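Requesting a structural model of the entry that follows:
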Amino acid sequence: MTVPDPSNADDVHALQRVTESDAAQLFLERGRAVQPTFALTEENAGAVAQICRRLDGIPLAVELAAARVRSLPPQQIAARLDDRFRLLTGGSRTALPRHRTLRAAFDWSFDLLPTAEQILLQRLSVFGGSFSLEAAEGVCGGRPVNRDEMLDLLSRLVDKSLLMPEQESSEARYRMLETIRDYAQERMSESD
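I've put the predicted structure just below:
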């Protein structure tokens, strides 16, 4: 899902540019569902853009954040995103349990991964930015993640949208969305 471009934050047309992103449109729609008077304004557009970017445009995360509009303005929601897994709870009571909180959705998806993919995802969370295949092999290789299988494991994580490929040069690079990285780091610290 597209997110607002951070380079437009000081633009005189910032409000219009924020509303052009899919994530901000979803936030507005879901915000209005819980608070019919909610609107994007010059005052809150920057916070909504920040929320959408910090949540990587992940639809469930954006929906859960928008549901908080009932009790918090977007500026306060944005300020609390450092603890996104605690903040993003309280989905629809009619939703499947795994869709009621961001953590439940991630737990469900993580538990479906084979063990080698779970371990690799946790280990890859040490990279703050993008990384190469060689870096992944050097840092993350080791039982039960075989270096010879690294490319296949990375490809499977890309196929499952847990890693994003970046092929801007002659070298393939990968990156993990911030929300997924935070989750994988939490899982890694729990397993220690």
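
how about the residue of the chain most remote from its centre, secondary structure?
The outermost residue of the chain, judged against the average C-alpha position, is Asp148 (28.9 Å), by Cα atoms, centre = their mean. Taking DSSP: H, G, I helix; E, B strand; the rest coil as the rule, one finds Asp148 in the helix state.

Tell me where the chain has strands.
Counting by DSSP state E, residue ranges of the strands within the chain are 131-132, 164-166, 173-175.

who are the neighbours in contact with Ala184?
With Cβ atoms under 8 Å, 6 or more residues apart in numbering as the criterion, the residues that contact Ala184 are 121-122, 124-125, 176. Placement of C-beta: from N, CA and C, glycine included.

doesn't Gln167 make contact with Val158?
No - counting by Cβ atoms under 8 Å, Val158 sits too far from Gln167 to count as a contact (11.1 Å).

Settle it for me: which of those two has more neighbours?
The residue with more neighbours, out of Val158 and Gln167 and counting by other Cβ atoms under 10 Å, is Val158; that gives 14 against 9.

Can you check the pLDDT for that one?
In the prediction, the pLDDT value recorded for Val158 is 95.

same check, this time on His13
Value listed for His13 in the pLDDT field: 63.

that older thread, closest to Gln25 out of the contacts of Ala184?
Met176 (25.2 Å; Cβ to Cβ).

what about the closest one, neighbour count?
By other Cβ under 10 Å, neighbour count at Met176 equals 24.

could you measure it against Ala184, distance?
Plainly put, Met176 is 7 Å away from Ala184 if you go by Cβ to Cβ, to the nearest Å.

How many residues are close by Met150?
Burial of Met150, expressed as a neighbour count using other Cβ under 10 Å, amounts to 18.

how about the nearest residue to it, chain neighbours excluded?
The spatially closest residue to Met150, leaving aside those adjacent along the chain, is Glu137, at 4.9 Å (Cβ to Cβ, 6 or more residues apart in numbering).

Then Leu102?
Beyond its immediate neighbours in the sequence, the residue positioned closest to Leu102 (Cβ to Cβ, 6+ apart) is Leu88, lying 4.0 Å away.

So which bits of the helix or strand of the chain at the bottom of the mean pLDDT ranking are buried?
Lowest mean confidence among the helices and strands of the chain (mean pLDDT, DSSP states H and E): helix 84-87, at a mean of 74. For helix 84-87, a neighbour-count test (16 or more other Cβ atoms under 10 Å) marks 84-85, 87 as buried.
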